[in-house]
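Novice: missing the sequence, but the structure's below:
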């Protein structure tokens, strides 16, 4: 199992920026992909971005393309998400996640989350 701890959330005005961080510990060598998910009140959790631990291929939800950037520092077991041009609809709890399967279809481990609130 992989333990994940997010930080960096907060409250910003629309157009502002935040940088989320995620510290991974435990069996980090068993992960194939890392990702960021979010869940707004009354909505289902959705994958925002992900990155492959091996070929660094990235995925972004259409709603964040061009505004969010996912990155990682494997030496430090850290995952990041730079979020620019934030919009009120980005308001959600953001979760760091790890996939321990090669196809990265299922994410097995999630952190406790960090709240992001964007005001108009």
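Specialist: Structure's in. What do you need? Because the structure is a prediction, the values reported are computed rather than measured. Residues are numbered from 1 along each chain as shown.
Novice: Nearest spatial neighbour of residue 73, chain-adjacent residues omitted?
Specialist: Spatially, and ignoring its direct neighbours in sequence, residue 73 is nearest to residue 80 (7.6 Å; CB to CB, 6 or more residues apart in numbering). (Each C-beta comes from the backbone N, C-alpha and C, glycine too.)
Novice: Look at residue 75 and tell me its secondary structure.
Specialist: Put simply, residue 75 is helix when judged by DSSP: H, G, I helix; E, B strand; the rest coil.
Novice: and it, how many neighbours does it have?
Specialist: 6 (other CB atoms under 10 Å).
Novice: Now do the same contact list for it.
Specialist: Listed by CB atoms under 8 Å, 6 or more residues apart in numbering, the contact set of residue 75 is empty.
Novice: Then residue 8?
Specialist: 18, 19, 20, 21, 114.
Novice: Packing partners of whichever strand or helix holds the second one?
Specialist: Per DSSP states H and E: residue 19 is located in strand 18-26. In terms of contacts (3 or more CB pairs under 8 Å, 6 or more residues apart in numbering; DSSP states H and E), strand 18-26 is packed against strand 2-7, strand 33-39, strand 78-83, strand 92-99, strand 114-119.
Novice: could those strands be laid out in TSV, adding distance to residue 50?
Specialist: Below are the helices and strands packed on strand 18-26 laid out as TSV (distance: least, CB to CB, whole Å):
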stretch	distance to residue 50
strand 2-7	14
strand 33-39	3
strand 78-83	10
strand 92-99	8
strand 114-119	17
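Novice: Could you dump these into a markdown table and include mean pLDDT and mean neighbour count?
Specialist: Output for the helices and strands packed on strand 18-26, formatted as a markdown table (pLDDT from 0 to 100; neighbours: other CB atoms under 10 Å):
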| stretch | mean pLDDT | mean neighbour count |
| --- | --- | --- |
| strand 2-7 | 96 | 18 |
| strand 33-39 | 97 | 22 |
| strand 78-83 | 97 | 21 |
| strand 92-99 | 97 | 23 |
| strand 114-119 | 98 | 16 |
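Novice: between these, which gets nearest to residue 53?
Specialist: strand 33-39 (6.3 Å; CB to CB).
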